[in-house]
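# compute the structure for the input listed below.
(2 chains)
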Amino acid sequence: MSSWLDYTINGLIVGNVYALVAVGLALIFGVSRLINFAQGSIYLVGAYIGWVAVVQLHTPLPLTIIVVAVAAALVGLIIERFGLRPLQNSVRIAPLLATIGISFVLDQLVMLTFSPNPRALPSQLPDVRFQVGGGTIGPLDLLIAGVGLTSALLLFVFLRYSKLGWAVRAASQDRDAAMQMGVDVNRVNQAVFGIAAALGGVSGLLVGMYYNQIDTAMSLQATLKGVVAEVVGGAGNVPGAVIGSLLLGLVESYGVAVFGTSYRNLFAFLLLVVVLVLRPNGLFASARQAPPEPLTGTFIAPSRPVRIPRWALLAATAVFAVLPFFPVSFYVLQTLINAWLLGMLALSLTLVAGTIGQVSLGHAALLAIGAYTSALLSLTLNVPVGLAIIGGGLMSAALGTALISPSFRLRGHYVSIATLAIGEIVSLVILNWESVTRGPIGISGIPPLSLFGYELISPNSIYGFSFVVMVVLALLQGRLLSSHLGRSFRAIRDDDIAARAYGLSLNRYKSLAFIFGGFAAGVSGGIAAHLYSYINHETFNTQQSILALTVVILGGLGNVVGAIVGAVALVGLPEVFRIAAEYRILIYGIVLLLLVRFRPQGLLGTI
Amino acid sequence: MAEHAPMLTLRGLTRRFGGLTAVDAIDLDLAKGGLVSIIGPNGAGKTTLFNLVTGLDRPDAGTVHFEGQDITGLPPERLAAGGIARTFQLGRVFGNLSVMDNVLIGAHTRLRAVKPAVPVIGPLLELGLALLRPASVRDEEERLREEVKAILARFGERLLPRIDQPAYSLSYANRRRVEIARALALKPRLLLLDEPTAGMNPTETTEMQGLVAELKAEGLTILLIEHKLEMVMRLSDRVIVMDEGRKIAEGPGEQVRGDPKVIEAYLGHGLSGSGEQESAA
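Prediction:
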């Protein structure tokens, strides 16, 4: 079976590339207990710097590698110095959000500089294949293996024999003890980010050459793959990350061999979810670990929420309710409809991420489930649209909660990874389950909104419908928060161990939060499906998840009114200032970074 | 004190972390209405023992019996519902919740809405009750709020004026008081106190000692970890001394205090901070 050898070689080569990303993630996690969601962006930057060097400056290969490594390391140092170091004494959620924001800013900067179109990155190596056993191997394969092994060796020597390497190892074993023994933790962080970024950048360059193509979608994929490999190997475990990467490469390669290319990522994420559920500390972690130390800080920024008098809320609701009766432009109504839809998603996320502290990065998947359910119910079963949307909400609540439930015992950053992966799995299942979802073609001809037989086609009626639905959801959520469930959710967020010691079952309350939040998101997705009349697997993407997260943080985590204010602000302000679409994501990223740094409690305060 | 029915019985309780045996074959008997103190140098395994009893950690060997029932390895939420409440050594209040809400969480297991343990239907009913809030739910909440105020009143004017303040804004001593109030709101049959006076000045310590004595007089069964020996001597029926995971002495306070093994354990490891200074009361 010569082809199996080929798939094995391919798996190991790809695994080698993942290892370069994963080792950096492991180093960073070891020292600062942070999963760096910007690692993929550095990889992207590395690939494009490599493109500039090869195609425009015509540098020879060794020089290209050095240029990319140095430039990427610089980016890493900048991220550490300006993005993360100021947050050292901040709340636990802050560095996580910061790396997400940095990742979006970097990706958008690359996209704006180089355009989103794919580019060819020639490999600079002769295109020959050598016969090895029954398979073939090319010079680029050897280069990648060589770079992988060399980096591993250099890293080993650095960690083992240099003074700074000792400091890195000491800091990752016990940061406080290391500090007391005079280790300069800032210098350790710098070293770690520099090394991680250099490895990540070179990895991007090699992958670009391997596939002879680079594009801006590489970034998120690389982060995901690196995180999968790192978590499989055990977060913070450097040799584990290498083995996890090779394993991931092989699993993907064999999976592709058996099922086809479009399943590649599905295998990666399933591997992640399986490992997270069965061995959340990674394959190589030592059995059971000591129960985690009590956390002294708080998860979200402590603040007193801004009190908005009831009459002001009523007045604002009334103004927006009667707005369509005044001569406002179609454009204004359209913008506000978008804001109400985003507001529903934000209500959902502010409950899940803010109130009960599960920072979901895959929230758009709930939109997708609601949208597909509602669309298919109304199209294939002729269910009235109003009922179909409720069906979408219920399906999102049930399916979303079921999908996320394996990760209920995870904490902190792991929840974000799991939700990100589950979001990707949902999108991949939609893409591949053609008999139900119509695969890549998407669903078209979705009937317009209607209620009791009357079609809602005029902008006024659509506006009214979405506004009323959002207000009802907001009122329900407010009622939920003022009940015993509200305080139970918040107790779990603030200290899950103390909460369990007082009889709060994490599974039960996380399920309830996801059921309630899933319904709101599903309804939002359902309405969107009937408004757009066409949806596919890319309609609800990670960008929307991140936008919702920015909205929620802008408004104040857990804050119902804040979620809506945040949605109006983030949808409305770019319209008011006529900011071109391609700059918006960049601005969302910058807003997120500024908020985390200067006003982590958001505009209206966390609750 | 006469021995009553056993409330808590530990037999051979053991927990290892890698090569280190944090809790090594501990036996312990605590009678209903009794107060047993566990003392020992830092790192002796006292808090790990608490974690094993309250289900936050699982033993590698040995058993825990509570009111005659084997509760070894049960999850903490079950044990809380069964009437075991504890406080934490470093203070684990819910920082963003008000004092009132913190203490109400203590009463969580007593809420009628959380009682049905039927899967799926139980939680959905709970969600429904939270949203619809019929009169019975509102009355229950109102009663509990009054009860919380009564519990807080036991701490004099320390907590009542701060009832609506978020816990993160409280002083260290007040957070410990909130923890104890939260534990009392559970209406526990067994209370585990992990260094309730840590970080308190002599006046506050005396106050806390008075409260624990009151609770004991009311018949509450208490397991106490404490460094302040004077308090331990005054309150305990029996004292257990732990060192390096093992029980090195057990008996009435005065007897334990003079035990040469105990003196060696303390002096051999160096005196640990505030613990052993005895201020005459």
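# give the rounded mean pLDDT of stretch A:539-553.
When pLDDT is averaged over stretch A:539-553, the result is 89.
# ok, longest helix in the chain?
No chain in the question, so chain A it is. Using DSSP state H, we find that the single longest helix of chain A is helix A:2-32.
# wrong one, I was asking about chain B
Taking DSSP H as the criterion, chain B has its longest helix at helix B:135-153.
# what is that helix packed up against?
Contacts defined by 3 or more C-beta pairs under 8 Å, 6 or more residues apart in numbering or on different chains; DSSP states H and E place helix B:135-153 against helix B:99-106, helix B:172-185. From N, CA and C alone the C-beta is placed, and that goes for glycine too.
# return the most buried member of those.
For the helices and strands packed on helix B:135-153, ranked by mean neighbour count under the definition mean count of other C-beta atoms under 10 Å in any protein chain shown, the leader is helix B:99-106 at a mean of 26.
# tell me which strands and helices that one is in contact with?
Counting contacts by 3+ C-beta pairs under 8 Å, 6+ apart, helix B:99-106 is packed against helix A:484-494, helix B:135-153, helix B:172-185.
# what's the angle from the last one to helix A:484-494?
What it means is helix B:172-185. What separates the directions of helix B:172-185 and helix A:484-494 is an angle of 130 degrees, with axes from the mean of the first three to the mean of the last three C-alpha atoms, to 10 degrees.
# beyond helix B:172-185, next helix or strand please.
Downstream of helix B:172-185, the next assigned helix or strand under DSSP states H and E is strand B:190-194.
# can you map out the helices along chain B?
Along chain B, counting by DSSP H, helices occupy B:46-54, B:76-81, B:99-106, B:121-132, B:135-153, B:172-185, B:202-217, B:229-235, B:253-257, B:260-268.
# okay, these in JSON lines with mean pLDDT and distance to residue A:268 next?
Putting the helices of chain B into JSON lines (pLDDT from 0 to 100; distance: least, C-beta to C-beta, whole Å) gives the following:
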{"stretch": "helix B:46-54", "mean pLDDT": "94", "distance to residue A:268": "36"}
{"stretch": "helix B:76-81", "mean pLDDT": "94", "distance to residue A:268": "34"}
{"stretch": "helix B:99-106", "mean pLDDT": "97", "distance to residue A:268": "40"}
{"stretch": "helix B:121-132", "mean pLDDT": "92", "distance to residue A:268": "32"}
{"stretch": "helix B:135-153", "mean pLDDT": "96", "distance to residue A:268": "46"}
{"stretch": "helix B:172-185", "mean pLDDT": "95", "distance to residue A:268": "44"}
{"stretch": "helix B:202-217", "mean pLDDT": "95", "distance to residue A:268": "54"}
{"stretch": "helix B:229-235", "mean pLDDT": "91", "distance to residue A:268": "56"}
{"stretch": "helix B:253-257", "mean pLDDT": "87", "distance to residue A:268": "59"}
{"stretch": "helix B:260-268", "mean pLDDT": "79", "distance to residue A:268": "53"}
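# how long is stretch B:230-247 end to end?
End-to-end span of stretch B:230-247 (C-alpha to C-alpha, to the nearest Å): 20 Å.
# can you lay out the helices of chain B as CSV showing distance to residue A:126?
Formatted as CSV, the helices of chain B follow (distance: least, C-beta to C-beta, whole Å):
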stretch, distance to residue A:126
helix B:46-54, 63
helix B:76-81, 64
helix B:99-106, 68
helix B:121-132, 64
helix B:135-153, 77
helix B:172-185, 69
helix B:202-217, 79
helix B:229-235, 80
helix B:253-257, 82
helix B:260-268, 71
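# how much space between residue A:552 and residue A:398?
Residue A:552 sits at a distance of 23 Å from residue A:398 (criterion: C-beta to C-beta, to the nearest Å).
# what parts of the stretch 151-281 of chain B come near chain A?
The stretch 151-281 of chain B comes close to chain A at residues B:166, B:168-169, B:182, B:186, as judged by C-beta under 8 Å from any C-beta of the partner chain.
# now list the buried members of those.
Buried members of these, scored by 16 or more other C-beta atoms under 10 Å in any protein chain shown, are B:166, B:168, B:182, B:186.
# report the contact partners of residue A:345.
By C-beta atoms under 8 Å, 6 or more residues apart in numbering or on different chains, the residues touching residue A:345 are A:363, A:366-367, A:520-521, A:524, A:544, A:548, A:551, A:567.
# ignore what I typed, I meant residue A:237.
Going by C-beta under 8 Å, 6+ apart, residue A:237 touches A:26, A:30, A:282, A:284-285.
# now do it, the pLDDT please.
81.
# what mean pLDDT does the helix or strand containing residue A:466 get?
Using DSSP H and E, residue A:466 sits within helix A:459-481. Per-residue pLDDT values over helix A:459-481 give a mean of 95.
# buried stuff in it?
By 16+ other C-beta under 10 Å, the buried positions in helix A:459-481 come out as A:459, A:461-467, A:469-471, A:473-474, A:476-477, A:479-481.
# out of these, which are close to chain B?
A:476, A:479-480.
# give me the neighbour count for residue 226.
In the absence of a named chain, chain A is used. 33 (other C-beta atoms under 10 Å in any protein chain shown).
# um, chain B though
A count of neighbours around residue B:226, defined by other C-beta under 10 Å, yields 26.
# tell me which of the contacts of residue A:237 is nearest to chain B?
residue A:285 (11.9 Å; C-beta to the nearest C-beta).
# what does the model give the closest one for pLDDT?
Listed pLDDT for residue A:285 reads 64.
# so which bits of the stretch 301-450 of chain A are right by chain B?
Contact residues, the stretch 301-450 of chain A versus chain B (C-beta under 8 Å from any C-beta): A:302, A:304.
# so what's the residue nearest in space to the middle of chain A up against?
With distances taken as C-alpha atoms, centre = their mean, the residue of chain A nearest its centroid is residue A:361 (4.3 Å). With contact set as C-beta under 8 Å, 6+ apart, residue A:361 has these partners: A:100, A:416-417, A:419-420, A:423, A:542, A:545-546, A:549.
# pLDDT wise, what is it at?
For residue A:361, the pLDDT comes out at 88.
# distance check, it against chain B.
The gap separating residue A:361 from chain B is 22 Å, by C-beta to the nearest C-beta, to the nearest Å.
# now swap in residue A:373 and tell me
Taking C-beta to the nearest C-beta, one finds residue A:373 at 19 Å from chain B.
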